[in-house]
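S.K.: What shape does this take:
(2 chains)
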Number of protein chains: 2
Amino acid sequence: MNKIKFAKTPKPPYYAVIFTSIKIEEDKGYSTMSEKMIELLKNQEGFLGFESAREELGITVSYWKDEESIKKWKENIEHQEAQRLGKEIWYSSYKIRVAKVERDYEF
Amino acid sequence: MNKIKFAKTPKPPYYAVIFTSIKIEEDKGYSTMSEKMIELLKNQEGFLGFESAREELGITVSYWKDEESIKKWKENIEHQEAQRLGKEIWYSSYKIRVAKVERDYEF
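M.R.: You can find the predicted model right below:
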């Protein structure tokens, strides 16, 4: 089953970073970097999980324990290099929203 | 350009409803209902926009002025019927997270 795809987040409150993006069509090293970032993320303090899907628009939601964890991830040196390449090469545009999850429920 | 795909949200704070789902493969009336819901949404008080993508996992993020607007949408009669059919037919599982967007930025 695909249930494994849902991020296993704890009881709220916790944080969500909603990353919406338009990518160029060519890969140009994106997939390799993407895998590298996922590996890095897994060892990042306060990281709770992520969910991702892409059609024309890509949406990746990552979940975090608190704002401090988000700040540290944003400042991670290897992630900063990925951010730089993202702007230079892979994304024609993106939007990031930082939100505090107040409640959740599932079926 | 694809820029039209980003939801045009106001300056934070506002709310995001992150709807993550696993759908069955067959359509079974889903597309028709989905279009109907989007039309309804557009006239819903406090609705600010939405972003959506699906691969194995589907992610739809809708944006709202406040919690009261989210509550009214959840209670909308036609939407309730869609929710019922969603559980009965279209989704094998889903997760809904209600979050307050505190800050955003774009490139």
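S.K.: got the contact list for the residue nearest the centre of chain A?
M.R.: Among the residues of chain A, the one closest to the centroid is A:Ser62, at 4.2 Å (Cα atoms, centre = their mean). Residues near A:Ser62 by Cβ atoms under 8 Å, 6 or more residues apart in numbering or on different chains: A:Ala16, A:Val17, A:Phe19, A:Leu41, A:Phe47, A:Gly49, A:Phe50. Where C-beta positions appear, they are placed from N, C-alpha and C, glycine not excepted.
S.K.: Name the spans of chain A whose pLDDT lies under the cut-off.
M.R.: A:1-4 (pLDDT under 70).
S.K.: for chain A, what's the longest strand?
M.R.: Criterion DSSP state E: the longest strand present in chain A is strand A:91-106.
S.K.: Counting by contacts, list what that strand packs against.
M.R.: strand A:14-23, strand B:14-23, strand B:91-106 (3 or more Cβ pairs under 8 Å, 6 or more residues apart in numbering or on different chains; DSSP states H and E).
S.K.: ok, 10 Å please
M.R.: strand A:14-23, strand A:58-64, helix A:67-75, helix A:77-85, strand B:14-23, strand B:58-64, strand B:91-106 (3 or more Cβ pairs under 10 Å, 6 or more residues apart in numbering or on different chains; DSSP states H and E).
S.K.: Burial check on A:Ser93, number of neighbours?
M.R.: 16 (other Cβ atoms under 10 Å in any protein chain shown).
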